[in-house]
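> heads up, no residue letters with this:
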């Protein structure tokens, strides 16, 4: 099972964004830079946090965040967004 970012649809996170008990992983998505447990902290509805961050990321033209983890071969951020259910 792949660990998918709820913001950008990147499907290779090291851990699930949240445990089955709701605890955040604290992982930073290498693609969109959303940090679970920090960037969603002030939101009662996490989906709002994801949507707002996604809009900002798209408006910035899908920048790849990580300097150490490279984008997948033939990376297509528009297609990657289709991973979000």
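On my side now, so go ahead. Note that the coordinates shown come from a computational prediction; the quantities given were computed from them, not determined experimentally. Numbering: from 1, shown residues only.
> from residue 9, how far out is the residue located most distally from the centre of the chain?
Ranked by distance from the centre of the chain (CA atoms, centre = their mean), the top residue is residue 21, with 19.3 Å. Shown here: residue 21 relative to residue 9, a distance of 24 Å by CB to CB, to the nearest Å. C-beta: built from backbone N, CA, C; applies to glycine.
> where in the chain is pLDDT low?
1 (pLDDT under 70).
> just give me the longest helix of it.
helix 46-59 (DSSP state H).
> for that one, which residues meet the burial criterion?
Residues 46, 49-50, 53-54, 57 are the ones in helix 46-59 that count as buried (16 or more other CB atoms under 10 Å).
> and for stretch 31-47?
Of the residues in stretch 31-47, those buried (16+ other CB under 10 Å) are 31-36, 39-40, 46.
> pretty sure residue 34 contacts residue 5?
Yes: look at residue 34 against residue 5 with CB atoms under 8 Å: they come within range, at 6.6 Å.
> hey, what's in contact with both of these two?
Counting by CB atoms under 8 Å, 6 or more residues apart in numbering, residue 34 and residue 5 have no shared contacts at all.
> gap between the residue nearest to residue 80 when sequence neighbours are not counted and residue 53?
Nearest residue to residue 80, sequence neighbours excluded (CB to CB, 6 or more residues apart in numbering): residue 9, at 4.5 Å. From residue 9 across to residue 53, the span is 12 Å (CB to CB).
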